[in-house]
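Asks: Here's my sequence, what's the structure:
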Amino acid sequence: MISDKYAWHVCFLLSIVLYPTVSNFYMGLPSVKNKISTEIPVVLDGAMGTQTNRNRSSIDSVFSTDDWVEMEYLLDSGETITLFAARGYDGRPFLHFPERGLFKQTWSDRTHTIQRMGGGKQSAMAHYLTLTGAVETKKAIYCLLHGNKTIANPYLYLLGRIPFILFGDRPEFTLLFVSSNDERSDPGMEKVLESLLCRVSKNACITQTTAP
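Replies: As a prediction, the model looks like this:
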């Protein structure tokens with residue numbers, strides 16, 4: 001038996017644990033209406049892009065959505081930037097270490113910082129990653145959006161949103177993940193990410209970037 005004193009604590013913790021199961025298996029995953037794959041341009045700020053040959057079935061299963069696209073852009077600086085964009089209703093793969101679903105290799109070191117890009121109302125929370133492996137070091141910047149809002153701390157965000165997610169409207173989760181193997185890539189990746197945020201979310205459109 002659970003004491004009445006602690007019953008609501010237990011119910012609250014259970015709701016967190018069971019949220020993915022309830023929302024995805026009992027409530028179902030509605031199809032994405034506004035496809036992110038149709039919002040990603042071939043030419044972005046003058047940079048020509050080409051679609052990668054990433055295996056579709058593996059990404060479909062990891063992110064629980066078929067609405068995704070991966071592009072490589074060649075910037076004027078000579079850098080090659082890889083963009084992965086996905087949208088779906090299952091928040092787990094989007095919020096918790098999304099790089100694990102994109103890169104299969106093991107990283108010996110992972111540096112993760114969260115910083116605000118831009119200022120005032122036109123700003124967004126961006127996640128800066130440096131992944132170090134035995135063969136290569138990869139740098140990445142990504143933004144997580146739930147509807148039109150960028151997410152800084154996924155765990156705190158979900159804690160505050162559980163009642164609304166379970167019993168209210170369920171906006172799509174959007175992941176914009178930009179990566180490169182070039183050490184000079186931060187400014188280039190930020191520029192690409194800024195342009196994409198303006199396209200997919202007017203509330204997150206950035207006019208000025210603060211350096212990391």
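Asks: How about the residue nearest the centre of the chain: which residues does it bridge to?
Replies: Centroid check for the chain by C-alpha atoms, centre = their mean gives L175 as the closest residue, at 2.6 Å. Beta-bridge partners of L175, counted by DSSP bridges, are A86, L144.
Asks: Please look at it and F84 and confirm they touch.
Replies: Yes. Here L175 reaches F84: they are 7.2 Å apart, a contact under C-beta atoms under 8 Å. The way it works is simple: take the backbone N, C-alpha and C, and place the C-beta from them, glycine included.
Asks: picking that back up, pull the contacting residues for the residue nearest to the centre of the chain.
Replies: F63, F84, A85, A86, R87, F94, P98, Y142, C143, L144, L145 (C-beta atoms under 8 Å, 6 or more residues apart in numbering).
Asks: any idea which element S123 lies in?
Replies: Using DSSP states H and E, S123 falls within strand 122-132.
Asks: cool, S57 as well?
Replies: Assigned by DSSP H and E, S57 belongs to helix 56-63.
Asks: Buried residues in that helix, which are they?
Replies: I59, F63 (16 or more other C-beta atoms under 10 Å).
Asks: From the contact counts, what lies against that helix?
Replies: Of the remaining helices and strands, those touching helix 56-63 by 3 or more C-beta pairs under 8 Å, 6 or more residues apart in numbering; DSSP states H and E are strand 80-88, helix 91-95, helix 99-102.
Asks: Just say which of those is most tucked in.
Replies: Highest mean neighbour count of the helices and strands packed on helix 56-63: strand 80-88, a mean of 23 (counted as mean count of other C-beta atoms under 10 Å).
Asks: Give me the angle between that one and helix 56-63.
Replies: Here strand 80-88 runs at an angle of 60 degrees relative to helix 56-63 (axes from the mean of the first three to the mean of the last three C-alpha atoms, to 10 degrees).
Asks: and strand 80-88, average pLDDT?
Replies: Strand 80-88 shows a mean pLDDT of 91.
Asks: show me where pLDDT drops low in the chain?
Replies: Residues of the chain meeting the criterion pLDDT under 70: 1-33, 118-122, 161-170, 183-185, 202-212.
Asks: Please repeat the previous calculation with a cut-off of 90.
Replies: Within the chain, the ranges that satisfy pLDDT under 90 run 1-48, 54-66, 74-80, 88-110, 114-126, 132-138, 145-173, 180-212.
Asks: OK, contacts around T38?
Replies: T38 neighbours (C-beta under 8 Å, 6+ apart): none.
Asks: Check the secondary structure at the closest residue to G46 other than its chain neighbours for me.
Replies: Distance criterion C-beta to C-beta, 6 or more residues apart in numbering; nearest residue to G46, sequence neighbours excluded, is D76 at 7.1 Å. Under DSSP: H, G, I helix; E, B strand; the rest coil, D76 falls in the coil class.
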